[in-house]
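**Q** any chance you can model this:
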Amino acid sequence: MINYITNQKVEIDIHHMTKESARKYLEQFLSKVDGSVKEVQIIHGYTGGTVLRDMVRNGLKHKRIKSKVRSLNDGITILIL
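**A** From the prediction side, this is the model:
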């Protein structure tokens, strides 16, 4: 689910996805998202396991990602574009 918080900040919830479907979804989103978006909050959760969190923090690669920031909430990772 994509939630546009502002025109520069987007929130994406990938709780319900598998590792591979989440990776594909995020890569496609990053390739198509408007250039005005500078921050993407990925809600991946962590209490049901760390597979999605680890994929976002360690495995997700895309040319638009400038950096990844760990949120104070361990279930969220912020992508800076």
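**Q** now Val37: phi and psi?
**A** Main-chain torsions, Val37, degrees, to the nearest 10: phi -70, psi 120.
**Q** what residue lies at the spatial centre of this protein?
**A** Ile42 (3.3 Å; CA atoms, centre = their mean).
**Q** contact partners of stretch 24-42?
**A** 2, 5, 7-12, 14, 17, 56, 60, 62, 64-65, 71, 76-81 (CB atoms under 8 Å, 6 or more residues apart in numbering). Yep, even glycine has a C-beta here, placed from its N, CA and C like the rest.
**Q** swap in 10 Å and give it another go.
**A** Stretch 24-42 has contacts (CB atoms under 10 Å, 6 or more residues apart in numbering) with 2-14, 17-18, 22, 44, 52-53, 55-57, 60-66, 68-69, 71, 73, 75-81.
**Q** sorry, back to before: off-centre distance for the strand or helix carrying the residue nearest to the centre of the chain?
**A** Here Ile42 is covered by strand 39-43, with elements defined by DSSP states H and E. The gap between the average C-alpha position of strand 39-43 and the chain average comes to 5 Å, counting by CA atoms, centre = their mean, to the nearest Å.
**Q** buried sites along it?
**A** Val40, Gln41, Ile42, Ile43 (16 or more other CB atoms under 10 Å).
**Q** who are the packing partners of whatever helix or strand comes next after it?
**A** Next along the chain after strand 39-43, taking DSSP H and E as the criterion, comes helix 51-54. Counting by 3 or more CB pairs under 10 Å, 6 or more residues apart in numbering; DSSP states H and E, the packing neighbours recorded for helix 51-54 are helix 19-32, strand 39-43, strand 76-80.
**Q** try it again at 7 Å.
**A** Contact partners of helix 51-54 among helices and strands, from 3 or more CB pairs under 7 Å, 6 or more residues apart in numbering; DSSP states H and E: helix 19-32.
**Q** now do the helix it packs on, average pLDDT.
**A** Average pLDDT, helix 19-32: 97.
**Q** show me the beta-bridge partners of the residue nearest to the centre of the chain.
**A** Ile12, Thr77 (DSSP bridges).
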